[in-house]
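Participant: prediction below, plus the sequence it came from.
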Amino acid sequence: TTDISSWTSPQVTCFLDALQGHTFQCSTLKAMNDQYGFAKSHNAEILFRYCQLALAAKDSTILHVVVRFITTQGRMKFVRPLYRSLYQYHWRLAVVTFLSHRDFYHPIC
């Protein structure tokens, strides 16, 4: 096995990109997160990609991370796709979160 803990951020981002589109069990994502701390990453590119994977897996433990991310990160590049994924998994949370923070976002969002 290869340990990715020594990889650069662009390498980790590329790795997570390669995982997109595949469905993983929550236990697999939990093991990855426990090992590498993706959900606590301060790198928006890494956190975004991990959140997308976790939402696709319907991992309820990621919901508070996603809400924190989309309510503090203003870049549409991250916010719109995460809202779409959140809506598919938990539409009520997506709507309530958006409506309570809509003044934070650019009008085009």
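Facilitator: Thanks, I have it. Numbering: from 1, shown residues only.

Participant: run a quick neighbour tally on His106.
Facilitator: Summarising burial for His106: neighbours were counted as other CB atoms under 10 Å, giving 9. The C-beta positions use only the backbone N, C-alpha and C, and glycine is treated the same way.

Participant: grab the most central residue of the chain for me.
Facilitator: Central residue check for the chain by CA atoms, centre = their mean: the C-alpha nearest the mean position is that of Cys51, 1.8 Å away.

Participant: so what's it closest to, chain neighbours aside?
Facilitator: Taking CB to CB, 6 or more residues apart in numbering, and ignoring the residues beside it in sequence, Cys51 has Val66 as its nearest neighbour in space, at 5.0 Å.

Participant: show me what contacts that neighbour?
Facilitator: Contacts here follow CB atoms under 8 Å, 6 or more residues apart in numbering; on that basis Val66 touches 51, 54-55, 82, 86.
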